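Asker: got a predicted model here, sequence first, then my questions.
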Amino acid sequence: MSSPSLSALIWSVADLLRGDYKPADYGKVILPFTILRRLDCALAPTKADVLAEFQAQSAAGLNPDPFLRRKSGQSFFNTSPLDLPKLLGDPDNVAANLTAYIQAFSPEVRDIFERFEFHNQVDRLAKAKLLFLVAQKFAAFDLHPDAVSNSQMGSVFEELIRRFAELSNETAGEHFTPREVIRLMVNLIFIEDDAALTKPGVVRTIYDPTAGTGGMLSVAEEHLKAQNPNAQLTMFGQELNPESYAICKADMLIKGQDVRQIAFGNTLSDDGHPGRTFDYMLANPPFGVEWKKVEKEVRAEHEQKGFDGRFGPGLPRVSDGSLLFLLHMLSKMRPAAEGGCRFGIVLNGSPLFTGGAGSGESEIRRHLLESDLVEAIIALPTDMFFNTGIATYVWVLTNRKSQDRKGKVQLIDGSGFWRKMRKSLGSKRKEMGEDDIATVTRLFGAFVEAEVATVIDASGATVSRVIVEAGETAPGAPEGGKVKIAPLSRILPTSAFGYRTITVERPLKDEAGKVVVGQKGKSKDKPLPDSALRDTENVPLTEDVGAYFRREVLPHAPDAWIDEAKTRVGYEIPFNRQFYVFEPPRDLEEIDADLRAVPDRIKAMIEGLAA
């Protein structure tokens, strides 16, 4: 069964809840029951062996835990003779038996249901006389890993969460990222390591500080297993939302991962993996979410630890904490001497340019670029995420750049690589197909400048779009048509994003027009600046300040000077400016001809209506 069909089948349980539950609360029942049935099915084949082992080890006075995990074939177990179908055999005691069944799970599974506060829902369903009916529905679903893969199950959870989030007006994007975006990010972080990842017995670590339901970690594992079935990817993560954390933990249990490596809590104020570093990382932190709740802890770390802590380079404005997650990930990079690290993070446009020279955002960008950590930034299509249609970007950072990439940043405009979805999902109207993902991945891997040539025929219709790499010849224009060329991949030195903000002063003059000079201190006998005439100019780092000042300022203000003490270095990444293509205005005669044709078209329409 396909993932959408299965999620629709599970969603049908909501028909039972209607009336007794508000739509926004359906998830409190359906999500934990889905997890319960998934675990139930996974343990079914070894149920009898586990029960026999439990009796044997208990009789011998031994701790049965390690024996039961081995017998179950999973990293968890259940010591109750009950399962979900057997519960239905005693309709009058479903609540008590279900509670006992959950209590018989190993501790890490019990924690999952505690995060959902599932006992409250069991009581509520029992009082509404719905518990047996809901249990009966779920007992009929075959969610065994052989029938529903981990990838499918992840998609089912995501679809269910999206539906619940829409009903409760919550932000679904805080819980998960579209799968095709994750696949692109996974391609980008693994691309140069394909040879190393196919060696026998490879063990790598990957970390997601905003793990959500674990989608990024799951797709990364699928990618690695496809290349090398014997490779081992050890997953680490942290998640703040209790329900998302519970789903992620359940998913990791089925995969055989150590769920102690998925921490619960706020990554910024309470790092769940202190001192650890990783080979790879992926993250999609919430866009534009303020960090006021953790401001005290974050500022204390910034001020007391500086660069020995996570937030040494600077702090962004409180209204948007996404760059704090990026800084957190920098601190988790495996040192270059130990093999290094590459990570991908999804951000909105704000971190590219918000904040002038000396601001927290600018200082963070300065640290990233002057440390040569930014490998590439890729613009994604708009309308890609379930909760927002804004422009988003994937940043790829590494501390092990290849020689040809050192001192350079690649910008890729991937905003045109998408296809329209047959059915919109919230704000998500577009998706990247496999070919789109492959194209962007290839541009990144090849590390070349490229353009896209759009061939247009005489009628104005697009005939084709051809990617032209540096050194290749663009296609010719058809008769009466034209070819529009737009940049697609640009490679720039890190210094191209830096600038100096200089303060330009003009002299203060008295009513007679005479320059006022200082009477004491450093300003004695020097012209005093007029604050009303003060101005600032941004001078690229690649340009000499003196030459810029003589060319751009002195011809207009011969008495101006630069206050050197106020000069600040700033960094911004004006992404769109790098891909802007000037289109000359249409010929006036062509516009006039169009305007003259308008009355004739209106007249024809009126005559048609009259007829």
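Answerer: Ah, there it is.
Asker: only C-alpha atoms from now on, for both contacts and neighbour counts.
Answerer: Fine.
Asker: show me the strands in the stretch 301-450 of the chain, by range?
Answerer: With strands called from DSSP state E, counting those that start in this stretch, the stretch 301-450 of the chain shows them at 342-348, 374-379, 392-398, 408-413, 419-425, 428-431, 450-456.
Asker: helices and strands around the shortest one, which ones?
Answerer: Which is strand 428-431. strand 419-425 (3 or more C-alpha pairs under 8 Å, 6 or more residues apart in numbering; DSSP states H and E).
Asker: in the strand it packs on, what counts as buried?
Answerer: residue 425 (16 or more other C-alpha atoms under 10 Å).
Asker: can you check stretch 53-70 too?
Answerer: Applying 16+ other C-alpha under 10 Å to stretch 53-70 flags 53, 54, 64, 68, 69 as buried.
Asker: wait, doesn't the second one sit right on residue 68?
Answerer: Yes: in this structure, residue 54 is within contact of residue 68 by C-alpha atoms under 8 Å, at 6.8 Å.
Asker: any idea which strand is longest in this structure?
Answerer: strand 482-493 (DSSP state E).
Asker: average pLDDT for it?
Answerer: Strand 482-493 shows a mean pLDDT of 92 in the predicted model.
Asker: and stretch 579-597, by the same measure?
Answerer: 80.
Asker: ok, now stretch 279-286?
Answerer: 94.
Asker: kindly report the same for stretch 138-155.
Answerer: Stretch 138-155 comes out at a mean pLDDT of 88.
Asker: chain center to that stretch: distance?
Answerer: 26 Å (C-alpha atoms, centre = their mean, to the nearest Å).
Asker: now it: buried residues?
Answerer: Within stretch 138-155, the residues scored as buried using 16+ other C-alpha under 10 Å are 138-139, 142-145, 148, 150-155.
Asker: which residues does that stretch contact?
Answerer: For stretch 138-155, the external contacting residues (C-alpha atoms under 8 Å, 6 or more residues apart in numbering) are 1-3, 10, 33-34, 37-38, 41-42, 84-85, 213-215, 218-219, 251, 254-255.
Asker: next one: residue 22 from residue 16, what distance?
Answerer: According to C-alpha to C-alpha, to the nearest Å, residue 22 stands 12 Å off from residue 16.
Asker: tell me which of the buried residues of stretch 53-70 fall in helices.
Answerer: 53, 54, 68, 69 (DSSP state H).
Asker: and the gap between the first one and residue 68?
Answerer: Think residue 53. 7 Å.
Asker: any low-confidence regions in the stretch 251-400 of the chain?
Answerer: 387 (pLDDT under 70).
Asker: try it again at 90.
Answerer: Within the stretch 251-400 of the chain, the stretches with pLDDT under 90 are 251-260, 286-289, 382-391.
Asker: which residues does residue 261 contact?
Answerer: Applying C-alpha under 8 Å, 6+ apart, the residues contacting residue 261 are 235, 236, 237.
Asker: list the buried residues in stretch 349-357.
Answerer: 349, 350, 351, 352, 354, 355, 356, 357.
Asker: what does stretch 435-455 give?
Answerer: Buried-residue list, stretch 435-455, by 16+ other C-alpha under 10 Å: 436-437, 440-441, 443-444, 447, 449-455.
Asker: and the residue nearest to residue 401 when sequence neighbours are not counted, how far from residue 522?
Answerer: Leaving aside its sequence neighbours, residue 401 sits nearest to residue 375 (C-alpha to C-alpha, 6 or more residues apart in numbering; 7.3 Å). Distance, residue 375 to residue 522, by C-alpha to C-alpha: 46 Å.
Asker: and these two? which has more neighbours close in?
Answerer: Set side by side, residue 375 and residue 522 show more neighbours around residue 375, with 27 against 8, by other C-alpha atoms under 10 Å.
Asker: quickly list what the closest residue in space to residue 379 that isn't next to it in sequence is bridged to.
Answerer: Take residue 379 and drop its neighbours on the chain: the residue closest to it by C-alpha to C-alpha, 6+ apart is residue 393, 4.5 Å away. Beta bridges link residue 393 to residue 347, residue 379, judged by DSSP bridges.
Asker: dump the residue contacts of residue 393.
Answerer: Applying C-alpha under 8 Å, 6+ apart, the residues near residue 393 are 346, 347, 348, 349, 377, 378, 379, 380.
Asker: buried ones among those residues?
Answerer: Buried, going by 16+ other C-alpha under 10 Å: 346, 347, 348, 349, 377, 378, 379, 380, out of the contacts of residue 393.
Asker: buried set for the longest helix seen in the chain?
Answerer: In the chain, taking DSSP H as the definition, the longest helix is helix 588-610. For helix 588-610, burial by neighbour count (16+ other C-alpha under 10 Å) applies to no residue.
Asker: same check on stretch 284-293?
Answerer: Buried-residue list, stretch 284-293, by 16+ other C-alpha under 10 Å: 284, 285, 286, 287, 288, 291.
Asker: pick out the most distant pair among those residues.
Answerer: 284 and 291 (15.7 Å; C-alpha to C-alpha).
Asker: roughly how far is stretch 199-219 from the heart of the chain?
Answerer: 14 Å.
Asker: now do stretch 301-316
Answerer: The answer for stretch 301-316 is 23 Å, by C-alpha atoms, centre = their mean.
Asker: then that stretch to PDB, C-alphas only?
Answerer: The C-alpha trace of stretch 301-316 is given here as PDB (Å, rounded to 0.1, in the frame of the first residue of the first chain):
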ATOM      1  CA  GLU A 301      27.400  31.400  27.100                       C
ATOM      2  CA  HIS A 302      28.300  34.100  24.600                       C
ATOM      3  CA  GLU A 303      29.700  36.500  27.200                       C
ATOM      4  CA  GLN A 304      31.300  34.100  29.600                       C
ATOM      5  CA  LYS A 305      32.800  31.500  27.100                       C
ATOM      6  CA  GLY A 306      33.300  33.500  23.900                       C
ATOM      7  CA  PHE A 307      34.900  31.300  21.200                       C
ATOM      8  CA  ASP A 308      35.300  28.500  23.800                       C
ATOM      9  CA  GLY A 309      31.500  28.200  23.700                       C
ATOM     10  CA  ARG A 310      29.100  27.900  20.800                       C
ATOM     11  CA  PHE A 311      28.100  31.500  20.300                       C
ATOM     12  CA  GLY A 312      31.500  33.300  20.200                       C
ATOM     13  CA  PRO A 313      31.200  35.000  16.700                       C
ATOM     14  CA  GLY A 314      28.100  37.000  17.700                       C
ATOM     15  CA  LEU A 315      24.400  36.900  18.400                       C
ATOM     16  CA  PRO A 316      21.600  37.600  15.900                       C
END
